[in-house]
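K.L.:
Okay, here's the prediction I keep looking at, along with the sequence it came from:
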Amino acid sequence: MIRVVLDVNVLVSGFPASTGTVRFIIDRWQDDDYLLIVSEHVISGVMKAWRNPYFRSRFRVDDAGIAIALLRDMATAVEPVDDVHGVADDEEDDLVLATAVAGRADYLVTGDKGLLTLGSFRGVRIVTPRAFLDILEATDTADEK
């Protein structure tokens with residue numbers, strides 16, 4: 001099974017959406033099409049973002065609680081490795097990379113341009129949400145053959 005870390009920006013925009021690429025990615029995870037890897041750092045980042053007035057106006061508190069519960073119950077939690085420093089533009093992104101490495105992720109899905117410019121890190125491919133959805137769809141097509 002494909003192992004994936006969804007960056008905070010993908011999770012934060014995917015859960016409240018009813019349609020679109022990031023929503024489809026969340027749906028595919030809930031359908032067990034890939035294994036989602038998280039760390040407490042990622043979950044805390046999601047919770048912090050959802051306290052922002054922009055998201056609070058678009059996402060009910062109850063829905064946020066349900067999403068966090070899903071992440072805690074359904075995703076595979078790991079402790080980030082402690083040897084990723086100064087790779088990304090900021091420490092927060094290094095912790096996301098450290099989560100991907102610890103979880104032996106195949107992909108890190110992000111909209112962060114700084115992370116995307118890396119292309120890959122320690123065997124983890126760093127891709128946009130659209131590229132990842134294309135990968136999942138290509139896997140579907142290959143499985144049908």
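P.N.:
Arrived safely, thanks for sending. Residues are numbered from 1 along each chain as shown.
K.L.:
rest of the way, CA atoms for contacts and neighbours
P.N.:
Fine.
K.L.:
helices and strands of the protein: which one bottoms out on pLDDT?
P.N.:
helix 53-56 (a mean of 83; mean pLDDT, DSSP states H and E).
K.L.:
wouldn't residue 50 be in contact with residue 64 here?
P.N.:
Yes - assessed by C-alpha atoms under 8 Å, residue 50 is found in contact with residue 64 at 7.3 Å.
K.L.:
For the lengthiest helix in the chain, enumerate the helices and strands it packs against.
P.N.:
Taking DSSP state H as the criterion, the chain has its longest helix at helix 129-144. If you count contacts as 3 or more C-alpha pairs under 8 Å, 6 or more residues apart in numbering; DSSP states H and E, helix 129-144 packs onto helix 21-30.
K.L.:
buried set for the helix it packs on?
P.N.:
Within helix 21-30, the residues scored as buried using 16 or more other C-alpha atoms under 10 Å are 21, 22, 23, 24, 25, 26, 29.
K.L.:
again, but for stretch 12-23
P.N.:
12, 13, 14, 15, 16, 21, 22, 23.
K.L.:
Before we move on, what's the pLDDT of the first one?
P.N.:
What it means is residue 12. Listed pLDDT for residue 12 reads 93.
K.L.:
and if you look at the one 10 residues further on?
P.N.:
We have a pLDDT of 96 for residue 22.
K.L.:
And it, how close does it get to residue 82?
P.N.:
Applying C-alpha to C-alpha, to the nearest Å, the value for residue 22 to residue 82 is 29 Å.
K.L.:
ok, now residue 16?
P.N.:
32 Å.
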